[in-house]
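Q: Build me a model:
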Amino acid sequence: DEEETSIPAGFSPAITNLATAPGFRRRGIGRKMLRLAQRYVHRYWDYDQMGLYVEQTNEAALALYKSLGYVEEVSCDGGDVLGNLWYMVLDMSTRQESDAQLLSEAEVSLS
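A: Residues are numbered from 1 along each chain as shown. Here you go, the predicted model:
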């Protein structure tokens, strides 16, 4: 069976929460999870954009997302718990990476 995306016109797939356990941070796991999600969205859903939400005060996450090409598009209110968020978007239509490049970057070592 073919998967139906059912995403309304003008919108793109988005990640609302990405987290790694404290003991596994700074190992590239978040980057690899994002790269796999980007590959899946582009290859199987045929979307050229992907978005995500991030707290505006999370400097480490912002640096990661910007290094992957995401740009801050809209400021959002995250409520009492999260505060202000950025909705960031990646335009994948200009990326020329092959599946082999994405897969090699997505190999995860948890040791």
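
Q: per-residue confidence averaged over the lengthiest helix in the chain?
A: The helix that spans the most residues within the chain, counting by DSSP state H, is helix 29-44. Per-residue pLDDT over helix 29-44 has a mean of 92.

Q: Counting neighbours, which bits of it end up buried?
A: Ile29, Gly30, Arg31, Lys32, Met33, Leu34, Arg35, Ala37, Gln38, Arg39, Val41, His42 (16 or more other CB atoms under 10 Å). C-betas here are computed from N, CA, C, even on glycine.

Q: I'd like the next helix or strand past it.
A: The C-terminal neighbour of helix 29-44 among helices and strands, as given by DSSP states H and E, is strand 49-55.

Q: can you list the residues that contact that following strand?
A: Residues from elsewhere that reach strand 49-55, judged by CB atoms under 8 Å, 6 or more residues apart in numbering: 12-18, 34, 37-38, 41-42, 61-62, 65, 70, 73, 76, 78, 82-93.

Q: let's see 10 Å
A: 11-18, 34, 37-38, 40-42, 60-62, 64-65, 68, 70, 72-74, 76, 78, 81-93 (CB atoms under 10 Å, 6 or more residues apart in numbering).

Q: now the helix or strand that that strand is followed by, how far from the centre of its chain.
A: Using DSSP H and E, the helix or strand that follows strand 49-55 in sequence is helix 59-67. Relative to its chain's centre, helix 59-67 lies at 11 Å (CA atoms, centre = their mean, to the nearest Å).

Q: could you give the angle of helix 59-67 to helix 29-44?
A: Angle, helix 59-67 to helix 29-44, by axes from the mean of the first three to the mean of the last three CA atoms, to 10 degrees: 40 degrees.
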